[in-house]
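1. I would like the atomic coordinates for the input below:
(one chain, ligands or ions: 1)
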Amino acid sequence: RTIATTSNLIQKRLYDDTDPVTCQIYCYGPLLHTVQMARLYKDSKTFVDMKLKNRPEETMEDYNAFMAKRNNSPTEAEIRDFVDTHFEERGKEFEPWIPDDWKEHPSFLDAINDPDLRQWGADLNGIWKELGRKMIDDVHKNPEFYSIIPVDHPVIVPGGRFIEFYYWDSYWIIRGLLYSEMFDTARGMIENFLSIVQRFGFIPNGGRVYYSKRSQPPLLTAMVHAYVEFTKDYSFAIDALDILEHEFEYWMNNHTVQVKGYDVAIYKDASTGPRPESYSEDVISSSDFSTDEEKEHHYSELKAGAESGMDFSARWFIHENGTNDGNLTNLKTRSIVPVELNAILYWNAKMIAEFHDKAGNKAKSAEYELKAAKILEAIQAVHWNEEAGVWLDYDMINQKPRNYFVPTNLAPLWTGAYNRNDSEKISASVLKYIDDLKLDSYPGGVPNTLAQTGEQWDFPNVWPPMQYLLVVGLDNLGTVEAKNLSKKWGYRWVKSNFEAYKQTQTMFEKYDALRFGGHGGGGEYEVQKGFGWSNGVIVEFLTKYGGELSLSNSAVPTGDDAL
Ligand SMILES: OC[C@H]1O[C@H](O[C@H]2O[C@H](CO)[C@@H](O)[C@H](O)[C@H]2O)[C@H](O)[C@@H](O)[C@@H]1O
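-> Residues are numbered from 1 along each chain as shown. Down below sits the predicted model:
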């Protein structure tokens, strides 16, 4: 299979404001406002996932007539009736699908010694079948009836309310699939993303048109790298190079600002209005602002937060007093330079350089090495904080580092965005940072922040991709102390997830730092079950530790007892 190369067409599409016609229903406009503000469903995402019964133009005509007839003030019952007449239930875009390459007994299971952990690994492998989604032909023939973004290959979704692909989730899902030897499914998901970059110029937050003006942390190149590491099929990466470069340039050209004379990337969004999938929630939180302009700024900060994947968190609050106090009205996501985004872009440049080198294109490889070196310099100048002994986000409003814990403060260890000659020094300072903050004292894993705001990316919630970042980052650092802590946290994560699974037969999207085996909560929707990235991380950790890890000493561990 070959991948068509990018062209000016992508540039045109990227800057051209012609949204799909379905966007008039699902992304913005009066119909969306009327229905979402009626709060017909417990979860606001329900409505924007429902299929149209008629063409969007016809639906809009009916809507205009409906509103005119009711003097623009329909009752809730009338709106419900309108929705029932014009929309189908959610989920109509998929047909049952069992991945063709699913294996009953992938060999990672043989590497797990503990019988209970091995059975759990088999259960998790079985969950891939439940999370698979294939689009029906009609989605390709009549895309304007659906909010789903049509893609050629079936995908593994996160689960629960998330029945479409999510960009950054897919990195951990794909790694899990590769360990489960589901190479075709993994490759299909990557090919979908490559074709999406060709169509949109970048990868939307998730597989719905209403997500199409923002992205998520750019991990496509890392997905390709993981696929190539497993399959050794370098030609796949080489064929994809144009597209990977395009995505990289999209971020560097559209998401960078200047800080201390360096180009650094931030999260942002290119649409107006509230998030369609959380419309009334955003309108409510915007009611603190009086002018339309202020409300619009607030919506942009919310959507930039969603682009970061950490929606929402005190990580993105800048209070008037310069701290991370406050609530959603203090969101200033676009004014905070995030460590991991720049660390990931560095990684992307390095991997693109590596693929060019494999292709024998030394000039291009050198060009991307140079881009990586520039990003590294920026990370060192803007994010590294000698006093804290770690990398920190940067507050552009108050022109100061933000000395608040987030696992992403260690992201450069994960992506290799630091000078290897400094490993010993960095190891000493990072471990002291961890010690000072007592990050090793939580029985359920390292919390995402130390701020308890009720937002889902704050204390005490623990998120699988962030545990992965910490465990892999510390392991990469390579000193004995860092490797030991990495293993300790890896073991703890497996055991705590296992405990939750043993009690509930469920994998959760997020967990609880304070409770060994406890799941997370808070935020604007119920904790979700499934769950793509949780399973991916555990399948990888079971492969990594399965030979040595045993549950026999699995009494509720705290701190040092976890091993
Ligand atoms: O509907 C609210 C938000 O839901 C998504 O965010 C959360 O789930 C995603 C899928 O697992 C995950 O990628 C993200 O990190 C979570 O915070 C969605 O991505 C948001 O855009 C949306 O507003």
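
2. For the rest of this, base every contact and every neighbour count on C-alpha atoms.
-> Fine.

3. tell me the pLDDT at the spatially most central residue of the chain?
-> For the chain, residue 168 is the residue whose C-alpha lies nearest the centre (CA atoms, centre = their mean; 3.3 Å). For residue 168, the model assigns a pLDDT of 98.

4. what about residue 256, neighbour count?
-> By other CA atoms under 10 Å, the residues close to residue 256 number 18.

5. beta partners for it?
-> Beta bridges link residue 256 to residue 265 when assigned by DSSP bridges.

6. quick one, what contacts it?
-> Applying CA atoms under 8 Å, 6 or more residues apart in numbering, we find residue 256 in contact with 263, 264, 265, 266.

7. Surely the last one is in contact with residue 257?
-> Yes - judged on CA atoms under 8 Å, residue 266 makes contact with residue 257 at a distance of 7.3 Å.

8. Which of these two has more residues huddled nearby?
-> Neighbours per residue (other CA under 10 Å) separate residue 266 from residue 257, with residue 266 holding more: 24 against 17.

9. what residues does this protein put near the ligand?
-> Residues of the chain lying close to the ligand (CA under 6 Å from any ligand atom) are 158, 166, 169, 205, 277, 278, 306, 309, 310, 311.

10. What sits closest to the second one if chain neighbours are left out?
-> Taking CA to CA, 6 or more residues apart in numbering as the measure, residue 166 lies nearest to residue 206, with 4.2 Å between them; neighbours along the chain are not counted.

11. and what of the third one?
-> Spatially, and ignoring its direct neighbours in sequence, residue 169 is nearest to residue 533 (5.6 Å; CA to CA, 6+ apart).

12. For this structure, which segments count as strands?
-> 50-52, 87-90, 94-95, 132-135, 155-156, 256-259, 262-265, 336-337, 384-385, 390-391, 393-395, 400-402, 461-462, 511-512 (DSSP state E).

13. Of those strands, which is nearest residue 317?
-> Across the strands of the chain, residue 317 has its closest neighbour in strand 336-337 (9.1 Å, CA to CA).

14. tell me the mean pLDDT for that closest one?
-> Mean pLDDT, computed over strand 336-337, is 98.

15. contact partners of it?
-> Contact with strand 336-337 is made by 264, 265, 266, 316, 393, 394, 395, 396, as judged by CA under 8 Å, 6+ apart.

16. Now flag whichever of these is closest to residue 238.
-> Proximity of these to residue 238 (CA to CA) peaks at residue 265, which lies at 25.8 Å.

17. and the closest one, what does it touch?
-> Per CA under 8 Å, 6+ apart, neighbours of residue 265: 251, 252, 255, 256, 257, 337, 338, 341, 342.

18. Tell me the one of these nearest residue 36?
-> Closest approach between the contacts of residue 265 and residue 36, by CA to CA: residue 255, at 30.1 Å.

19. my guess is that closest one meets residue 269, correct?
-> No - using CA under 8 Å, residue 255 is not in contact with residue 269, being 9.3 Å away.

20. more neighbours, these two?
-> The neighbour comparison of residue 255 against residue 269 (other CA under 10 Å) goes to residue 269, with 21 against 16.

21. Quick check on the more buried one: phi, psi?
-> phi -140, psi 160 (degrees, to the nearest 10).

22. thinking it is in contact with residue 216, fair?
-> No - at 10.2 Å, residue 269 does not count as touching residue 216 under the criterion of CA under 8 Å.

23. Touching both of the two, which residues are there?
-> Applying CA under 8 Å, 6+ apart, one finds that residue 269 and residue 216 are jointly contacted by residue 307.

24. before we move on, the earlier item: quick one, what contacts the residue nearest to the centre of the chain?
-> Shown in contact with residue 168 (CA under 8 Å, 6+ apart): 205, 216, 217, 218, 219, 309.

25. Name all residues that make contact with the first one.
-> By CA under 8 Å, 6+ apart, the residues touching residue 205 are 166, 167, 168, 211, 212, 214, 215, 216, 306, 307.

26. can you rerun that using 10 Å?
-> 165-169, 211-218, 306-309 (CA atoms under 10 Å, 6 or more residues apart in numbering).

27. repeat for residue 151
-> 134-135, 139-140, 165, 188-189, 191-193, 195-196, 207.

28. Nearest residue to residue 245 in space, ignoring adjacent ones along the chain?
-> Nearest one to residue 245, counting by CA to CA, 6+ apart, is residue 352 at 7.2 Å.

29. thinking again about what came up before, so the residue nearest to residue 166 sits right up against residue 165, yeah?
-> Yes - applying CA atoms under 10 Å, one finds residue 206 in contact with residue 165, separated by 5.4 Å.
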